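Undergrad: Give me a 3D structure for the following:
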Amino acid sequence: MKSLNMLAAILVIVGGLNWGLVAIAEFDLVAWIFGEQFGTTNAASRIVYGLVGLAAVYGAAALLARRRPAGSRRAATAAR
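TA: Numbering: from 1, shown residues only. Got it, this is the predicted structure:
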């Protein structure tokens, strides 16, 4: 599970850096890595964008799971 968390974190960071570069410098890092121009995609870059999106959903779900009410957290801990 730690490996999946690390992979998701790396992908979210890559996505965040990419969007920051798009906003600040009009430079699309993912497109550049795959030999595309700004704003264009190919199959490889779409896969990366999709993985970044899945990592964001995974991270959001993990955060929401940690926000369970205190009573349910105690019950889950006691059940272990």
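Undergrad: lowest confidence element among the helices and strands of this structure?
TA: The helix or strand with the lowest mean pLDDT-type score in the chain, counting by mean pLDDT, DSSP states H and E, is helix 70-79 (a mean of 58).
Undergrad: And T40, how far from M6?
TA: Summarising the geometry, the distance separating T40 from M6, computed by Cβ to Cβ, to the nearest Å, is 30 Å. Glycine gets a C-beta too; all of them are placed from N, C-alpha and C.
Undergrad: which of the residues in stretch 47-66 are buried?
TA: Within stretch 47-66, the residues that qualify as buried are 48, 52, 55, 58, counting by 16 or more other Cβ atoms under 10 Å.
Undergrad: what about the second one, helix or strand, and which?
TA: With the criterion set as DSSP states H and E, the secondary-structure element containing V52 is helix 43-66.
Undergrad: contact partners of that helix?
TA: Taking contacts as Cβ atoms under 8 Å, 6 or more residues apart in numbering, the residues outside helix 43-66 that touch it are 4-5, 7-9, 11-12, 14-15, 18, 30-31, 33-34, 36, 41.
Undergrad: Between all of the residues you listed, which two are separated the most?
TA: N5 and E36 (29.7 Å; Cβ to Cβ).
Undergrad: ok, L21 to A61 distance?
TA: Counting by Cβ to Cβ, the separation of L21 from A61 is 27 Å.
Undergrad: Same question for R68.
TA: From R68 over to A61 the distance is 12 Å, taken as Cβ to Cβ.
Undergrad: What's the mean pLDDT across stretch 46-53?
TA: Along stretch 46-53, the predicted local confidence has a mean pLDDT of 95.
Undergrad: Kindly report the same for stretch 17-32.
TA: Per-residue pLDDT values over stretch 17-32 give a mean of 94.
Undergrad: Many thanks, have a good one.
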